[in-house]
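S.K.: fold the following, please.
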Amino acid sequence: MNPLLKCLTAIAAIATIFSTNVGFAHGDDRISIEAETQGALTATENTEFSFQLYDEDTKKSVADLDLNESHTKKLHLVVYDGSLNEFNHVHPTFDGQVWKSELNLTTNGSYYIWAQGILLDGTEFSASYRVSVVGGKPALPVVALGNLRKASVGNTVVELSKEKLKAGKMAMLTYTVSRNDGTQPDVTQYLGANAHIIAVSPDGDDLIHAHPMDGANSNTGMIHVTFPTEGDYRIWVQVIDGGVLKTVPMSVTVLKK
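M.R.: So this is what the prediction gives:
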């Protein structure tokens, strides 16, 4: 088999991508988020967000027993603000009545909250909710992010490959993990993969959630992704280096079709 075709086949089998266009409230036609407390959230380092998941098909709430594991967890909650700078990725727990999560929300603004999982019948869902955060630091301005393909958190450096990206066209971005001090990174798996990637469109309404194909070693990999629209996308790459989870923010510019 042609090496490129073999690589594409492997990626299609391994990579998991959630991508959903959303309006203001829910985002998924079948599953919706119903917050337990309506109104704005108060900014703290451990803001509790409790909610129900409602299944429009069954007309019932979704419990943990109604979900398959997806990348080692029953439910993923991804949260970011309109400026695409604040970020949380947590895994809510079900207490028998509601889903509960603790979020680090210290900055005011309009936030997107996504709940993602897989129902027992195999249906993947990606439900969205919008909420304001108040009482914290001033909201960050919305500005163009530019094309920042190399960034670091602490000593850990992540770099994305340089190829041009076009809206609506499948891309294969490679990534490399290194360290500022020149030592070898010690990358171990997070959620069943060597890296975890969240990409968000400039307006915040498109979320891409990917687990890349492994590379030649734990420090490299390939992301198989299609960006639906043009503009500057925020990308958060999450890796565990030396036993510590690092969330590295970068951005890529996607050109017109």
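
S.K.: what is the burial count for Q38?
M.R.: 7 (other Cβ atoms under 10 Å). The C-beta positions use only the backbone N, C-alpha and C, and glycine is treated the same way.

S.K.: could you measure it against D186, distance?
M.R.: Between Q38 and D186 the computed distance is 45 Å (Cβ to Cβ, to the nearest Å).

S.K.: same thing with L165?
M.R.: With Cβ to Cβ as the criterion, L165 and D186 are 30 Å apart.

S.K.: what about the helices in this protein?
M.R.: Taking DSSP state H to define them, one finds helices in the chain at 3-14.

S.K.: outline the domain layout of it.
M.R.: 20-134, 144-255 (automatic domain parsing).

S.K.: quick one, what contacts V177?
M.R.: With contacts defined as Cβ atoms under 8 Å, 6 or more residues apart in numbering, V177 is in contact with 156-158, 185, 187, 195, 218-220, 239, 241.

S.K.: hmm, 6 Å instead?
M.R.: 158, 185, 187, 219, 239 (Cβ atoms under 6 Å, 6 or more residues apart in numbering).

S.K.: pairing partners for L160 in the sheet, please.
M.R.: Beta-bridge pairing for L160 (DSSP bridges): Y175.

S.K.: which among the contacts of V177 gets closest to P141?
M.R.: Distance to P141, by Cβ to Cβ, is smallest for V158 among these, at 24.9 Å.

S.K.: give me the number of residues near the closest one?
M.R.: V158 - counted by other Cβ under 10 Å - has 28 other residues nearby.

S.K.: could you do the one 4 residues further on as well?
M.R.: Other residues lying near K162 total 11 when counted by other Cβ under 10 Å.

S.K.: what's the spacing between it and V252?
M.R.: Using Cβ to Cβ, K162 is found at 10 Å from V252.

S.K.: contacts only, for G154.
M.R.: Contacts of G154 (Cβ under 6 Å, 6+ apart): none.

S.K.: could you rerun that using 10 Å?
M.R.: Shown in contact with G154 (Cβ atoms under 10 Å, 6 or more residues apart in numbering): 179-180, 241-242, 244, 246, 248.

S.K.: of those, grab the buried ones for PyMOL.
M.R.: The PyMOL command for the buried members of these (criterion: 16 or more other Cβ atoms under 10 Å) is given here:
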select buried, resi 179+241+246+248
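
S.K.: mind listing the shared neighbours of K162 and V252?
M.R.: Counting by Cβ under 10 Å, 6+ apart, the contacts common to K162 and V252 are 147, 149, 173.

S.K.: look up how far E48 lies from the closest residue to the first one other than its chain neighbours.
M.R.: In other words, N147. Leaving aside its sequence neighbours, N147 sits nearest to T253 (Cβ to Cβ, 6 or more residues apart in numbering; 4.2 Å). Going from T253 to E48 by Cβ to Cβ gives 37 Å.

S.K.: so the two - more neighbours on which side?
M.R.: Taking other Cβ under 10 Å, T253 and E48 do not tie; T253 has more neighbours (18 against 13).

S.K.: quick check: bridge partners of I118?
M.R.: Here I118, judged by DSSP bridges, has bridge partners N68, E124.

S.K.: pretty sure it sits against L67.
M.R.: Yes: the pair I118 / L67 is scored as a contact, 6.4 Å apart, by Cβ atoms under 10 Å.

S.K.: returning to that earlier point: narrow the shared contacts of K162 and V252 to those in strands?
M.R.: Among those, the members falling in strands are L173 (criterion: DSSP state E).

S.K.: now the residue positioned nearest the centre of the chain: how far from K59?
M.R.: By Cα atoms, centre = their mean, the chain has its centre lying nearest to I198, at 3.1 Å. I198 is 31 Å from K59, where distance means Cβ to Cβ.
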